[in-house]
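K.L.:
Provided below for reference: sequence and predicted model.
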Amino acid sequence: MRQISLSLSHTGDDGFSLRIECQVPASGVTAIYGPSGSGKTTVLNALAGIQPASGNSTIQFGNEYWQNGTQIIPPWERKIGFVFQDARLFPHLNIRQNLEYAIKRRGDESQPSFEEIIDWLNLGDLLNRLPESVSAGQKQRVAIGRALLCGPRILLMDEPLANLDHAARRECLHYLQRLRVELDIPIWYVSHDIEEVSQIADRLLLLENGRLEAQGSLIDLCSRLDTRLSHEEQAAAIVTGSIQHHDTEFGLTEILVDEQTLLVNHLEAPRGQQQRIRIPARDVSICRARPQDSSILNIIPVQILEIEATGGSRVLLRLSLGDQCLLARITRKSAEVLQLTVGDEVFAQIKSAALLSQATKGSAQ
Amino acid sequence: MTEGELGAIWLTIKLASVTTVFLLLLGTPLAWWLSRRRSNISAFIESVVALPLILPPTVLGFYLLLMLAPQTALGEFWQKLTGSQLAFSFSALVIGSVIYSLPFVVQPLQAAFSRVPHGLLQAAATLGAPPLDQFLSVVLPLCRRSFITAASLGFAHTVGEFGVVLMIGGNIPGETQVISIAIYDQVESLQYGNAHRLAAGLLLFSAALLFFLYRSNRQSFWRLPE
């Protein structure tokens, strides 16, 4: 499979230094995740060529060099789509003209068609309006459409949802999830919001201070104890399962995760469909024996794989659920009272599980 | 109106038009370069461009006259190329006027260019537009009004110049005698009535031009993001 190879050694004007080497398959959604100032946007801008990395950096897309030291292919020859945080629609052109701007410059590429994009992103009613008269969420949808209409070989997105309010964010995420399923070009997605990333990413590049802290599949990285992800307040494991049964009486849906059944809020989706579920570490508690009179519905047998003291009063547990993993954050006191050790078979009580998105091929493991 | 007066009006319009074309051709890339660079060199160029704003036209005209004289390199080159003398010719007036009116074109353009968000050009680049395309498809339309302003100011300022023309053009009817010189000529020979015709005409023209310029700048079709 085609790879994207980065070897960046960049020093910014402000002294910020970035040293990153990685190879990523040119498919699926790769999220660049890290706190602000970790160099996420620098990586994306170097990949796009709008702010080439300095020094001896090389960037390879397949067997094509986009940057080889000082030899740099300019962005307009890379055939990329870029969605900026602030949409950057041309203020003197209406929405239709903004979209046509991309079509006029895409050469002999004929896909995707104007009508297809209008339909996908539901832009039909906006075409004759000026960018200043549409909402932030609509602007971002147009920006996504415009980026796709230039017939890109890769779609780069720099925190596309960061400027949106909650409702617009949800709506835009819905469109992005659809794109993820329908597009067969790689997407690189910069974000500092792990919930957002969990919804659409297949793969993570974890950045910290200009260095690559870890790289791997979203599901693996989320449940590993040796990265920053599992130590954040909103740490959560992600598991995938298939829809088994709809319980219409109670408005619940049963999802089969590695032989175990999880009950979640009713979901409008066909049986057998693969689904991602996000389970926050703070919502998982541990019992030695299966509680009989609990209001919590999801109580499943697991095995303790790792225990890590996170400092202070709490410990983090990594639990196996078949081939998949859960995280549990409990107090250090409970861990001692229950005398938890690695290898113990215990029960995990799951207080909440958030459905994320339809899982695509390849993202399951 | 006498034939001489009509000739002066025609010559003035011709001079201002030719000068404006050269001003835009020269001023646009210069203003673009100045708006994108911050260095000692650009500050120096900027101050040289602005010099005509404060120098007496006679100073500028005096040095231009020395530069354009037949015995200088430029003068000699011109003589060889065209077979005629450069000083006291229409071409000398164009050269002088371009230098004299340059700040009136460069400054509004530079101000407009620096308001164009760099991000829009980056967006254009990722959509497949090379730099010249970016300029023509994004910068030019966004700065359209400033181009109109710059061209009008350049034109009007050339129409109104006197000192530089007198120094390097003299007062040759049909070749270098523009309206302002003709008025001076008429006043010198105490033909106040004739002087009134030209002077009032120039006054009305300039007032009307500025009025339309300021009025159109107030109602813009779209605003540039600040």
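P.N.:
That came in fine, so what should we check first? Numbering: from 1, shown residues only, chains lettered A, B, ... in the order given.
K.L.:
Centre of the chain to stretch B:167-186, how far?
P.N.:
18 Å (Cα atoms, centre = their mean, to the nearest Å).
K.L.:
Equivalent analysis for stretch A:50-65, please.
P.N.:
The mean C-alpha position of stretch A:50-65 is separated from the chain mean by 24 Å, Cα atoms, centre = their mean.
K.L.:
Now tell me what touches it from outside.
P.N.:
Stretch A:50-65 has contacts (Cβ atoms under 8 Å, 6 or more residues apart in numbering or on different chains) with A:2-11, A:18, A:26, A:42, A:45-47, A:66-69, A:71-73, A:75, A:78, A:82, A:153-154, B:122, B:125-126. C-beta here means a position set from N, CA and C on the backbone, and glycine is covered the same way.
K.L.:
Can you list the buried residues in that stretch?
P.N.:
A:50, A:52-54, A:57-61 (16 or more other Cβ atoms under 10 Å in any protein chain shown).
K.L.:
again, but for stretch A:288-297
P.N.:
Buried, per 16+ other Cβ under 10 Å, within stretch A:288-297: nothing.
K.L.:
who does the helix ranked longest in chain A touch, helix- and strand-wise?
P.N.:
Taking DSSP state H as the criterion, chain A has its longest helix at helix A:166-182. The contact analysis (3 or more Cβ pairs under 8 Å, 6 or more residues apart in numbering or on different chains; DSSP states H and E) places helix A:166-182 against helix A:114-121, helix A:136-149, helix A:194-200, strand A:354-358.
K.L.:
average model confidence for it?
P.N.:
The predicted model assigns helix A:166-182 a mean pLDDT of 85.
K.L.:
Over to stretch A:126-135?
P.N.:
93.
K.L.:
That one and chain B, any residue contact?
P.N.:
Yes. Interface with chain B: stretch A:126-135 contributes A:130, A:132 (Cβ under 8 Å from any Cβ of the partner chain).
K.L.:
With stretch A:186-198 instead?
P.N.:
No. Judged by Cβ under 8 Å from any Cβ, stretch A:186-198 makes no contact with chain B; its nearest approach is 12.9 Å.
K.L.:
Mind listing what's buried along that stretch?
P.N.:
Buried-residue list, stretch A:186-198, by 16+ other Cβ under 10 Å: A:186-192, A:194, A:196-198.
K.L.:
likewise stretch A:126-134?
P.N.:
A:126, A:130-131, A:134.
K.L.:
Tell me the one among these nearest to chain B.
P.N.:
residue A:130 (6.9 Å; Cβ to the nearest Cβ).
K.L.:
I figured the closest one was touching residue A:91, is that so?
P.N.:
Yes. In this structure residue A:130 lies within contact range of residue A:91 using Cβ atoms under 8 Å: 7.3 Å.
K.L.:
if I pick the residue in the stretch 101-250 of chain A that chain B sits nearest to, what's in contact with it?
P.N.:
Nearest residue of the stretch 101-250 of chain A to chain B: residue A:105, at 3.5 Å (Cβ to the nearest Cβ). With contact taken as Cβ under 8 Å, 6+ apart, residue A:105 is in contact with A:76, A:150, B:127-129, B:133.
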